[in-house]
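Visitor: Following is a predicted model, sequence given first.
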Amino acid sequence: MINFLKIFGKRIKKNANYKRYKNKPKNAVFMSATSNKVLVLNADYRAYTVCSLYKAFILVYLQKAEVITAQAGRAIRTVDKSYVAPSIIRLNKYVNLPYKGVMLSRQNIFKRDNYTCVYCGSREDLTLDHVIPRSRGGTSSWTNLVTACRRCNAKKGDFTPEEANMKMAYAPYKPSFIMFLRECAGNIDESWHPYLHFH
Ligand SMILES: [Zn+2]
């Protein structure tokens with residue numbers, strides 16, 4: 001039933017607080033949410049995973065994690081108390097697990113860029129553009145590939161964006177695997193962004 005135990009293995013089960021708390025969540029009222037997903041950061045502030053509001057609440061309650069960002073205007077109520085509803089929490093203890101990378105592929109570049117041309121915002125006729133053209137030594141990498149519509153791609157040709165006088169909506173970055181979790185599709189909270197743009 002409590003999948004979040006996976007995060008800490010069996011240790012948490014032996015925790016006295018956990019036993020004491022075991023029967024209480026049933027009484028907790030989770031107010032209607034802008035989001036029921038919470039971003040979990042490792043102790044070093046790197047994005048670790050995404051969990052439900054319920055699991056995040058318990059991790060904080062057990063003092064296994066602290067709230068980094070709260071959801072504005074939302075609260076979790078138990079019988080006798082009210083708690084902030086987190087949007088981002090940070091684990092107090094570092095979890096030593098390898099970070100999963102995201103495979104560099106055409107589809108994943110599109111996905112990172114939300115299927116939108118970084119130059120003009122068009123969502124049609126999409127191609128991949130090398131920011132620094134291959135002919136000029138530009139690599140095929142997360143930080144040099146962007147989604148561009150065919151028109152912008154042709155207009156840019158063998159120039160850099162500066163030379164072509166074309167502005168990118170943002171600099172291309174290597175995304176966190178969190179962005180690719182199925183449960184997050186189209187549901188990335190604004191406040192999460194600073195934590196999702198590397199590793
Ligand atoms: Zn375009």
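Guide: Nice, I can see it.
Visitor: Now Thr49: closest residue in space that isn't a chain neighbour?
Guide: Val40 (4.9 Å; Cβ to Cβ, 6 or more residues apart in numbering). Backbone N, C-alpha and C define where each C-beta goes, glycine included.
Visitor: Near that neighbour, how many other residues are there?
Guide: Using other Cβ atoms under 10 Å, Val40 has 24 neighbouring residues.
Visitor: pLDDT at it, what is it?
Guide: pLDDT for Val40: 92.
Visitor: Then Ile7?
Guide: 42.
Visitor: sorry, back to before: can you check my assumption that the residue nearest to Thr49 lies in a helix?
Guide: No - under DSSP: H, G, I helix; E, B strand; the rest coil, Val40 sits outside any helix and is assigned strand.
Visitor: give me the beta-bridge partners of it?
Guide: Thr49, Ile89 (DSSP bridges).
Visitor: Surely it and Tyr48 touch.
Guide: Yes - shown here, Val40 and Tyr48 form a contact pair, counting by Cβ atoms under 8 Å, at 4.8 Å.
Visitor: Please enumerate the shared neighbours of the two.
Guide: Leu91 (Cβ atoms under 8 Å, 6 or more residues apart in numbering).
Visitor: Quick one: end-to-end length of stretch 123-135, please.
Guide: Criterion Cα to Cα, to the nearest Å; first-to-last residue distance in stretch 123-135 is 26 Å.
Visitor: Equivalent analysis for stretch 98-117, please.
Guide: Separation of the first and last residues of stretch 98-117 by Cα to Cα is 32 Å.
Visitor: Ok, stretch 146-161 next?
Guide: Start and end residues of stretch 146-161 are separated by 11 Å (Cα to Cα).
Visitor: roughly how far is the longest helix anywhere in the chain from the heart of the chain?
Guide: Looking across the chain with DSSP state H, the single longest helix is helix 53-61. Chain-centre distance of helix 53-61: 18 Å, with Cα atoms, centre = their mean, to the nearest Å.
Visitor: what helices or strands is the lengthiest strand in the chain leaning on?
Guide: Taking DSSP state E as the criterion, the chain has its longest strand at strand 65-77. Secondary-structure packing of strand 65-77 (3 or more Cβ pairs under 8 Å, 6 or more residues apart in numbering; DSSP states H and E): strand 29-30, helix 53-61, strand 82-91.
Visitor: Could you chop the chain up by domain?
Guide: Domain assignment for the chain by automatic domain parsing gives 5-91, 106-164.
Visitor: where among these is the average confidence lowest?
Guide: domain 5-91 (a mean of 74).
Visitor: before we move on, back to that, will you turn the helices and strands packed on strand 65-77 into JSON lines that also has mean neighbour count?
Guide: Listed next are those as JSON lines, based on neighbours: other Cβ atoms under 10 Å:
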{"stretch": "strand 29-30", "mean neighbour count": "13"}
{"stretch": "helix 53-61", "mean neighbour count": "21"}
{"stretch": "strand 82-91", "mean neighbour count": "20"}
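Visitor: In a markdown table, list the ones you listed along with distance to the ion.
Guide: Formatted as a markdown table, the helices and strands packed on strand 65-77 follow (distance: least, Cβ to the ion, whole Å):
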| stretch | distance to the ion |
| --- | --- |
| strand 29-30 | 42 |
| helix 53-61 | 38 |
| strand 82-91 | 32 |
